[in-house]
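1. Prediction below, plus the sequence it came from.
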Number of protein chains: 2
Amino acid sequence: MTSTPLADLWPTLPGADARPEAAYRLLQAAAESFAERGFHATTTRDIATAAGMSPAALYIHYQSKAALLAEISQAGHAATLALVRDAVAGQGGPAERMRRLVEQFTAWHARARTVGRVVNYELHALPEDAYAVVAALRLDIEREVSTLIEAGVVAGDFQVSEVRTAARAVTSLGIDVSRWYTDRSTETPEELGRRYGELVLRMLGARI
Amino acid sequence: MTSTPLADLWPTLPGADARPEAAYRLLQAAAESFAERGFHATTTRDIATAAGMSPAALYIHYQSKAALLAEISQAGHAATLALVRDAVAGQGGPAERMRRLVEQFTAWHARARTVGRVVNYELHALPEDAYAVVAALRLDIEREVSTLIEAGVVAGDFQVSEVRTAARAVTSLGIDVSRWYTDRSTETPEELGRRYGELVLRMLGARI
DNA sequence: CAGCTGACTAAGCGCTTGCTCAGCATGCTG
DNA sequence: CAGCATGCTGAGCAAGCGCTTAGTCAGCTG
């Protein structure tokens, strides 16, 4: 039904963070429904039915419909930030690290487009406190990208006149992938990542 | 309250297409509310109140809440396609025309971000027939951009390995502007357009 | 001035929404 | 085996939804 690797985001095996399998099924159902129809067009009956239970069962595992959204959004943002930090702190010069960042950032937004849509396009539906957490994570992501571009400029590897605008363009390209990428897209997430990596390096005026 | 040039999209002066001022106020209120909260989170009471009338008055001017969305979406898409066609058919070589296209496409998505958000992020809420119209317009936009890139490649002005991917990236950059651009953005729409024009030309490997 | 029209409102209908609650089955614990 | 916690369901409540209806009123027409 979905190709989203939701399993990557939440532990399902027994352990400290383990939760009932039913709670996991609810997360999955909620993410798919939020991504397809949007938060407000999704009913608790939709989610519960897709997870194979009655609407009342949802409230045993989560406080509210919004709590499900908050959980998905926070986990998705945390995963994205981790991915970005990993690339920025990686080996090689600024150009090499930027290429890896874009490849992985892009591939993630294609592969995990279901969660990606919730992460990027359902922010306005978040309760205020969850929004604050998520907004901070988004700022961190943007800052990591800016820092890497700055490093490339200082090293003479990039030629960029406005670092903030360039950082916006880089993250923007990746984020928007979650909007348009579909099952029917001919490029694999990894292929798309490589091509976008190439385009971004040229955009930043990298000497290759 | 809003900086969106909604007035550009619908004739308000007396004439063949003129409509009561109240109908125009409803469009404006609906566009702002759909952009801020999304179609499903917007109530007919929200729209009517913002337009300074009772909920029932909405139905004198429009058949349904969805009809308002369809009108906004179709007018917005038509305006964007016109803008793109204008740039593609303009004077100069492929690079010069591409620069103008990106400048104007980007500036439009910043300036008309309210309508832009409805256009790009409320597609799923459109009735089926309106969606079909709009989907065709979106395909035309993508095709126009692809055609221009193709022309640049043939002329030896661009160096692009995958025309479709490059076209996606170009339109994607512009569309996503309507998501993140706000009143508080330091760049004017025109400044942003010029900077994005520069970035895109480099991305396409243009000899400048 | 009567007759009519178009723009509008107050009231509310039928339905769906998020969420609650009393009760039931299952399986673990002493 | 009693006692109890856990995970769940069926029924349903209060609130809010899109939209309709009956009726008001200003302003134009003959």
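-> Okay, I see it. Numbers count the residues shown, from 1 in each chain, chains lettered A, B, ... in the order given.
2. elements contacting the top helix by length along chain A?
-> If you go by DSSP state H, chain A has its longest helix at helix A:128-154. Secondary structure elements in contact with helix A:128-154, counted by 3 or more C-beta pairs under 8 Å, 6 or more residues apart in numbering or on different chains; DSSP states H and E, are helix A:65-88, helix A:94-111, helix A:163-180. (Each C-beta comes from the backbone N, C-alpha and C, glycine too.)
3. how about the residues of chain A that lie near chain B?
-> Applying C-beta under 8 Å from any C-beta of the partner chain, we find that chain A lies next to chain B at A:36-41, A:120-121, A:124-125, A:161-162, A:165-166, A:168-169, A:172-173, A:175-177, A:179-180, A:187, A:192, A:195-196, A:198-200, A:202-203, A:205.
4. at 7 Å what do you get?
-> A:37-38, A:40-41, A:121, A:124, A:162, A:165-166, A:168-169, A:172-173, A:175-176, A:180, A:187, A:195-196, A:199, A:202-203, A:205 (C-beta under 7 Å from any C-beta of the partner chain).
5. Using ChimeraX, define a selection of the buried residues within those residues.
-> Provided next is the ChimeraX selection string for whichever of the residues of chain A next to chain B are buried by 16 or more other C-beta atoms under 10 Å in any protein chain shown:
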select /A:38,40,41,121,162,165,166,168,169,172,173,175,176,187,195,196,199,202,203,205
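6. among the residues of chain A next to chain B, which are in reach of DNA strand D?
-> Filtering the residues of chain A next to chain B for proximity to DNA strand D by C-beta under 7 Å from any atom of the strand leaves nothing.
7. who touches the residue lying farthest from the centre of chain A in this structure?
-> Relative to the centre of chain A, the most outlying C-alpha is that of A:Gly156, 30.5 Å out, by C-alpha atoms, centre = their mean. By C-beta atoms under 7 Å, 6 or more residues apart in numbering or on different chains, no residues touch A:Gly156.
8. how much space is there between it and DNA strand C?
-> 54 Å (C-beta to the nearest atom of the strand, to the nearest Å).
9. OK, contacts around the closest residue to A:Arg138 other than its chain neighbours?
-> Nearest non-adjacent residue to A:Arg138, counting by C-beta to C-beta, 6 or more residues apart in numbering or on different chains: A:His77, 6.7 Å away. Counting by C-beta under 7 Å, 6+ apart, A:His77 touches A:119, A:134, A:137-138.
10. before we move on, could you check phi and psi at A:Gln63?
-> phi -70, psi -30 (degrees, to the nearest 10).
11. what residues does chain A put near DNA strand C?
-> Taking C-beta under 7 Å from any atom of the strand, the part of chain A that reaches DNA strand C is made up of A:42-45, A:55-56, A:59, A:64-66.
12. Mind checking which of those are in helices?
-> A:44-45, A:59, A:65-66.
13. pLDDT wise, what is A:Ala22 at?
-> If you check A:Ala22, the pLDDT there is 86.
14. Other residues contacting the helix or strand containing A:Val200?
-> Using DSSP states H and E, A:Val200 maps to helix A:189-203. Contacts of helix A:189-203 from elsewhere in the structure, counted by C-beta under 7 Å, 6+ apart, are A:95, A:98-99, A:102-104, A:106-107, A:110-111, A:169-170, A:173, A:208, B:162, B:165, B:169, B:199, B:202-203, B:205.
15. my guess is A:Val84 meets A:Glu103, correct?
-> No: using C-beta atoms under 7 Å, A:Val84 is not in contact with A:Glu103; the gap is 11.9 Å.
16. Just the mean pLDDT for stretch A:182-194, thanks.
-> 96.
17. next one: stretch A:170-179
-> Mean pLDDT, stretch A:170-179: 98.
18. could I have that stretch exported to PDB, CA atoms only?
-> C-alpha atoms of stretch A:170-179 as PDB (Å, rounded to 0.1, in the frame of the first residue of the first chain):
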ATOM      1  CA  VAL A 170      19.000  23.900  -1.400                       C
ATOM      2  CA  THR A 171      16.500  22.900   1.400                       C
ATOM      3  CA  SER A 172      13.600  24.000  -0.700                       C
ATOM      4  CA  LEU A 173      14.500  21.700  -3.600                       C
ATOM      5  CA  GLY A 174      14.600  18.700  -1.300                       C
ATOM      6  CA  ILE A 175      11.500  19.600   0.700                       C
ATOM      7  CA  ASP A 176       9.400  20.000  -2.500                       C
ATOM      8  CA  VAL A 177      10.300  16.500  -3.600                       C
ATOM      9  CA  SER A 178       7.900  15.200  -1.000                       C
ATOM     10  CA  ARG A 179       5.100  17.100  -2.800                       C
END
